[in-house]
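[1] please find the sequence and the predicted model below.
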Amino acid sequence: MSSPKVLFGFHAVGVRLKTAPQSIVEIYFEPTRRDARMRQFLERVREAGVRLIEADGLRLSKLAGSHGHQGVAARVAVLPQITSLDDLLDQITEPPLLLVLDGITDPHNLGACLRVADGAGAHAVIAPKDHAAGINATVAKVASGAAETMPYFMVTNLARTLGELKERNIWCIGTSDDAPKTLYQVDLKTPTALVLGAEGDGMRQLTRKTCDELISIPMHGAVESLNVSVASGVCLYEALRQRGG
């Protein structure tokens with residue numbers, strides 16, 4: 001059995017409490033925090049029958065590895081995950097919608113991307129094992145529970161994985177500032193993998209060449225680009241809109 005891991009923050013712990021309370025070993029909370037949000041949270045914990053332990057801010061910070069714990073942390077069992085992208089794609093009965101991230105190394109960006117992917121109904125997020133952030137406590141905190149629900153696959157060779165997606169008739173659409181066609185000029189109702197690179201650097205050259213098509217997000221103000229999590233949200237929600245909302 002895998003060793004327990006730590007989740008922290010109201011969203012991350014709350015989602016696990018909602019979806020798999022039996023997997024929570026114990027929840028630590030800061031007793032000096034007595035606001036309505038904490039009271040409501042503790043009431044839910046007690047209703048679920050999960051063990052509660054009082055802990056001061058220093059202990060919570062050490063447990064979470066962060067000062068952003070909001071007075072809440074939990075030791076939880078690792079939930080079983082679909083381990084293969086192929087297995088996931090075999091189970092999908094609707095046109096797949098995938099988010100591919102190339103070169104996203106900031107855990108805050110990854111967490112935000114997982115959150116927006118979950119919200120938009122994407123089926124999975126894919127990233128290379130190199131030049132990418134993995135799931136850690138910070139990612140889980142920023143993802144607000146989506147790190148628990150959104151499949152995240154780190155692949156050895158991203159270009160090869162894109163090629164395998166294309167063999168499954170999944171159209172790989174990359175985003176680039178200099179693309180002649182915009183996001184709003186492509187059909188996202190078909191099986192689609194949206195490929196985004198890091199802000200500034202963009203996709204790596206091989207990733208770019210492997211895409212079936214390149215699109216841009218229209219920019220009408222002074223700034224030249226969007227944060228990758230914002231760009232992911234714009235693209236994924238346009239796909240959701242086209243697919244009927």
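    Alright, I've got the coordinates.

[2] in stretch 180-197, what's buried?
    Leu183, Val186, Leu188, Pro191, Thr192, Ala193, Leu194, Val195, Leu196, Gly197 (16 or more other C-beta atoms under 10 Å). No exception for glycine: its C-beta is placed from N, CA and C like everyone else's.

[3] residues near Val234, how many?
    15 (other C-beta atoms under 10 Å).

[4] again with Pro31
    12.

[5] buried stuff in the lowest-mean-pLDDT helix or strand in the chain?
    Lowest on mean pLDDT, DSSP states H and E among the helices and strands of the chain sits helix 146-149, with a mean of 85. Neighbour-count burial for helix 146-149 flags Ala146, Ala147, Glu148 (criterion: 16+ other C-beta under 10 Å).

[6] mind listing the strands in the protein by residue range?
    Assigned by DSSP state E, the chain shows strands spanning 5-8, 24-29, 52-54, 72-76, 97-102, 124-128, 152-155, 171-175, 181-182, 192-197, 213-216.

[7] could those strands be laid out in a markdown table, adding distance to Ser61 and mean pLDDT?
    Formatted as a markdown table, these follow (distance: least, C-beta to C-beta, whole Å; pLDDT from 0 to 100):
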| stretch | distance to Ser61 | mean pLDDT |
| --- | --- | --- |
| strand 5-8 | 9 | 90 |
| strand 24-29 | 11 | 97 |
| strand 52-54 | 15 | 97 |
| strand 72-76 | 9 | 95 |
| strand 97-102 | 29 | 98 |
| strand 124-128 | 28 | 97 |
| strand 152-155 | 26 | 95 |
| strand 171-175 | 37 | 97 |
| strand 181-182 | 45 | 96 |
| strand 192-197 | 33 | 97 |
| strand 213-216 | 42 | 96 |
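
[8] quick one, which of those is nearest to Asn227?
    Asn227 lies closest, by C-beta to C-beta, to one member of the strands of the chain: strand 192-197, at 10.4 Å.

[9] what inclination does that closest one have with respect to strand 124-128?
    Orientation check (axes from the mean of the first three to the mean of the last three C-alpha atoms, to 10 degrees): strand 192-197 against strand 124-128 gives 40 degrees.

[10] in stretch 202-221, which residues are buried?
    Quick answer for stretch 202-221 (16+ other C-beta under 10 Å): Gly202, Met203, Arg204, Thr207, Arg208, Thr210, Cys211, Leu214, Ile215, Ile217.

[11] the last one reaches Val234, doesn't it?
    Pointing back at Ile217 there. Yes. Counting by C-beta atoms under 8 Å, Val234 is a contact partner of Ile217 at 5.7 Å.

[12] list residues touching both of these two?
    Counting by C-beta atoms under 8 Å, 6 or more residues apart in numbering, the common neighbours of Ile217 and Val234 are Leu183, Leu226.

[13] contacts only, for the residue of the chain most remote from its centre.
    With distances taken as C-alpha atoms, centre = their mean, the residue sitting farthest from the centre of the chain turns out to be Thr32, at 31.8 Å. Taking C-beta under 8 Å, 6+ apart as the criterion, Thr32 is in contact with Asp56.

[14] how about Trp171?
    Thr190, Pro191, Thr192, Ala193, Asp212, Glu213.

[15] is it bridged to anything, and to what?
    Trp171 has the following beta-bridge partners by DSSP bridges: Thr192.
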